[in-house]
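A.B. asks: A predicted structure for the sequence below; I have some questions about it.
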Amino acid sequence: MVLKLKHFYVIFRDISKKEDTDKLAKFSAGFGHIKSLIHTAGVSPTMTNYKNIIDINALGTVNVDQ
């Protein structure tokens with residue numbers, strides 16, 4: 001899902017999946033230089049199991065940074 005607001009876009013992706021972050025990069029490439037990225041994904045042990053925590057919190061951050 002993509003929401004276009006006045007000066008920015010809100011894009012919902014599953015950052016634990018490399019193909020989703022690749023789609024995000026492809027979408028963003030048309031805008032030229034990206035000044036900032038707000039990555040707000042994160043889960044805790046009360047929300048999910050340990051595999052999802054590692055996939056989202058660790059692997060997801062690596063995928064976004066690449």
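C.D. replies: Now that the structure is in, tell me what you want to look at. Numbers count the residues shown, from 1 in each chain.
A.B. asks: wait, what's in contact with the most centrally placed residue in the chain?
C.D. replies: Nearest to the geometric centre of the chain sits residue 15, at 4.3 Å (CA atoms, centre = their mean). Contacts for residue 15 (CB atoms under 8 Å, 6 or more residues apart in numbering) come out as 21, 39, 41, 56, 60-61, 63-64. For every residue, glycine as well, the C-beta is placed using N, CA and C.
A.B. asks: Most neighbours among the residues you listed, which one?
C.D. replies: residue 60 (24 neighbours; other CB atoms under 10 Å).
A.B. asks: A strand includes the residue nearest to the centre of the chain, no?
C.D. replies: No. Read with DSSP: H, G, I helix; E, B strand; the rest coil, residue 15 is coil and lies in no strand.
A.B. asks: Could you check how far it is from residue 43?
C.D. replies: Noted for residue 15: a distance of 11 Å to residue 43, by CB to CB, to the nearest Å.
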